[in-house]
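Novice: Structural data only, the sequence is not supplied:
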């Protein structure tokens with residue numbers, strides 16, 4: 001066997017092993033951030049993300065099975081019926097109606113079988129009923145504004161100042177300078193775990209797209225339109241994302257950070273945020289001069 005043939009076989013074996021390696025990787029190793037040498041998508045931390053992961057794995061297994069059958073048949077045909085062994089082409093064979101029915105029916109049945117979980121997942125993804133709280137997300141060039149509807153709490157979230165200074169410094173940034181370079185913000189969106197959160201998304205200027213991979217969905221924020229989505233985060237942690245729509249020159253510097261905490265910790269944070277914002281509003285009102293008195297002509 002020649003060296004070239006050995007290389008071809010090694011490459012084929014490596015390609016065949018990729019799905020198995022993806023399946024074998026620990027999904028809990030990094031549900032939020034990509035990991036070095038990660039081959040598979042992460043399962044995420046919400047029911048929506050888990051449903052997408054399960055559908056992905058089901059399709060992967062089906063595709064691997066089809067690949068094994070098809071390429072196996074090709075390999076047998078190539079090596080068993082090769083010219084060097086005296087094989088000659090069969091010019092009398094035209095078609096087999098039974099075979100054509102079989103290889104048409106099997107893909108149809110596979111697609112029907114995959115359609116059920118996919119449709120069920122899509123319907124659940126857009127069901128925002130019975131939400132326990134609502135967060136309004138507004139996209140701006142180039143930051144996000146979050147409002148906890150009914151709570152009187154809202155703030156903007158933009159690229160962390162230290163990261164903004166690094167990107168404009170001209171130096172080659174390493175992980176030692178910023179472990180999550182361009183993926184940290186000054187104010188993270190804080191959410192409670194185990195709570196169905198409804199998101200309403202819009203934009204003030206151009207089209208943006210709010211995307212946190214660990215939550216399992218991406219939704220456009222469009223001026224003049226309100227889109228909806230929901231998430232129930234099951235694991236505390238910090239989950240990062242970015243604007244996924246080309247929204248202008250600083251599109252790449254519009255990160256998203258979601259901090260998921262326990263319900264008790266969220267209640268304390270919300271109370272502190274209400275007090276802080278109420279105090280800031282009172283201080284602003286105290287330092288704002290009254291409008292000039294209007295004098296009526298006699």
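Specialist: Perfect, thanks for sending it. Fair warning: this is a prediction, and the values are worked out from it, not measured in the lab.
Novice: From now on I want contacts and neighbour counts done on CA atoms only, so please keep to that.
Specialist: Will do.
Novice: The top helix by length along the chain - what's its average pLDDT?
Specialist: Determined from DSSP state H, the single longest helix within the chain is helix 47-80. The average pLDDT within helix 47-80 is 91.
Novice: How far off centre is that helix?
Specialist: 23 Å (C-alpha atoms, centre = their mean, to the nearest Å).
Novice: quick one: contacts for the closest residue to residue 193 other than its chain neighbours?
Specialist: For residue 193, ignoring the flanking residues on the chain, the nearest one in space by C-alpha to C-alpha, 6 or more residues apart in numbering is residue 233 at 5.0 Å. Applying C-alpha atoms under 8 Å, 6 or more residues apart in numbering, one finds that residue 233 lies in contact with 45-47, 192-196, 215, 260.
Novice: In three-state terms, how would residue 233 be classified?
Specialist: Assigned with DSSP: H, G, I helix; E, B strand; the rest coil, residue 233 falls in the coil class.
Novice: roughly how far apart are it and residue 140?
Specialist: Per C-alpha to C-alpha, to the nearest Å, residue 233 is found 25 Å from residue 140.
Novice: Residue 250 too?
Specialist: Using C-alpha to C-alpha, we find residue 250 at a distance of 11 Å from residue 140.
Novice: neighbour-wise, which of those two wins?
Specialist: residue 140 (21 against 11; other C-alpha atoms under 10 Å).
Novice: just so I have it, where are all the helices in this protein?
Specialist: 3-24, 47-80, 97-125, 161-167, 263-287.
Novice: buried set for the longest one?
Specialist: Think helix 47-80. 47-53, 55-57, 60, 64 (16 or more other C-alpha atoms under 10 Å).
Novice: and if you look at stretch 239-259?
Specialist: Buried residues in stretch 239-259 (16+ other C-alpha under 10 Å): 239-245, 247, 251-259.
Novice: what residues does that stretch touch?
Specialist: Residues external to stretch 239-259 that are found in contact with it (C-alpha under 8 Å, 6+ apart): 32-33, 141-144, 157-159, 182-185, 188-191, 206-214, 220, 236-238, 260.
Novice: at 7 Å instead, please
Specialist: The contact list for stretch 239-259 (C-alpha atoms under 7 Å, 6 or more residues apart in numbering) reads 32, 142-143, 158-159, 182-185, 188-191, 206-214, 237-238.
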